[in-house]
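Student: from the sequence below, what's the structure:
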Amino acid sequence: MPQHNPVMTISELQSFMDQAFPQMKDRDGQMVIDALGPMTATVQMGFAAHNLRPGGTLSGPSMMGLADYAMYAVLLAHIGPVALAVTTNLNINFLQKPGPSTLYGEARLLKLGRRLAVGEVSLLQEGVDGPVAHVTLTYSIPPQLE
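Tutor: Residues are numbered from 1 along each chain as shown. Predicted structure coming up:
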């Protein structure tokens, strides 16, 4: 597979995300882009009590949100600031119970085409051996990029 390098920096991408999704900024559990590489991105979601479900574990919807954000970040980092790229499929396998702490999403593009992108995200926590969840996602890319 050819190695594609990001076309946006972390700063440019975070600025775009803050502008496109102002509801995500300055809230507990904010998502932050930590790293970008060829076909990869790492994003973290800080701990916030509103992301807990009964039993003291992070909720499935919050984990799915991090995975979707991480995939969106890696995709936009490689195609540029295209707000209308949208999720068409998300499948998650919950592997371990995540505790009440920061969650990390390591995203990797598996296929970057003109109309579709397919990727996977491993959700990780410090002190936990192996991923707490594995997510596969497909994104539709608007046709004006052709």
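Student: what bits of this protein have low per-residue confidence?
Tutor: 1-3, 25-29, 145-146 (pLDDT under 70).
Student: do a quick rundown of the helices in it.
Tutor: Per DSSP state H, the chain carries helices over the ranges 10-20, 60-79.
Student: tell me which residues of the longest one are tucked away?
Tutor: Just to be clear, that refers to helix 60-79. Buried residues in helix 60-79, counting neighbours by 16 or more other C-beta atoms under 10 Å, are found at 62-79. From N, CA and C alone the C-beta is placed, and that goes for glycine too.
Student: repeat for the first one
Tutor: The neighbour-count criterion (16+ other C-beta under 10 Å) identifies 10, 12, 13, 14, 16, 17 as the buried residues of helix 10-20.
Student: against which helices or strands is that helix packed?
Tutor: With contacts taken as 3 or more C-beta pairs under 8 Å, 6 or more residues apart in numbering; DSSP states H and E, helix 10-20 sits against strand 31-37, helix 60-79.
Student: rerun that using 6 Å as the cut-off
Tutor: strand 31-37 (3 or more C-beta pairs under 6 Å, 6 or more residues apart in numbering; DSSP states H and E).
Student: tell me what the strand it packs on is packed against?
Tutor: helix 10-20, strand 40-45, helix 60-79.
Student: report the angle between that strand and strand 40-45.
Tutor: Between strand 31-37 and strand 40-45, the angle formed by their directions is 160 degrees, by axes from the mean of the first three to the mean of the last three C-alpha atoms, to 10 degrees.
Student: give me the residues contacting strand 31-37.
Tutor: 6, 10, 13, 14, 42, 43, 44, 45, 69, 73, 77 (C-beta atoms under 6 Å, 6 or more residues apart in numbering).
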